[in-house]
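Colleague: no FASTA, just this:
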């Protein structure tokens with residue numbers, strides 16, 4: 001075991017609302033083991049909140065659909081999505097179908113592209 005302290009997890013904030021961004025920065029800045037990314041710095045994770053009207057957010061995705069969408073963006077199959085999320089393949093297929101409908105997409109790649117254009121996910 002190494003006696004060196006663990007490196008901080010670097011988090012990027014990508015939030016359109018300046019007041020919300022400031023509140024989150026203050027809260028996250030006080031959490032041990034976390035550090036906010038400097039502008040242009042690579043981050044291990046990002047917190048993203050976009051203005052729905054500006055992003056064309058005329059639909060709402062559930063937290064689980066967002067999980068599935070993130071895995072779709074990685075190119076995961078329904079089987080991999082099911083394994084990673086601890087759900088059945090049938091349920092994964094259901095969520096993918098729901099995403100295709102909500103995003104008015106013709107396929108998985110099209111759904112990811114639509115979501116990226118609308119600011120739902122960052123690629």
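Modeller: Sure, I can see it. Everything numeric in this text was worked out from a predicted model, so none of it was measured. Numbering: from 1, shown residues only.
Colleague: So what does the closest residue to residue 8 other than its chain neighbours have for phi and psi?
Modeller: Nearest residue to residue 8, sequence neighbours excluded (Cβ to Cβ, 6 or more residues apart in numbering): residue 35, at 3.9 Å. From N, CA and C alone the C-beta is placed, and that goes for glycine too. Per-residue torsions, residue 35: phi -140, psi 140 (degrees, to the nearest 10).
Colleague: my guess is residue 92 contacts residue 76, does it?
Modeller: No - in this structure residue 92 lies outside contact range of residue 76 using Cβ atoms under 8 Å: 9.0 Å.
Colleague: Which one of these two is surrounded by more residues?
Modeller: More neighbours surround residue 92 than the other of residue 92 and residue 76, with 24 against 18 (other Cβ atoms under 10 Å).
Colleague: For that one, give me its contacts.
Modeller: Shown in contact with residue 92 (Cβ atoms under 8 Å, 6 or more residues apart in numbering): 68, 78, 79, 81, 82, 85.
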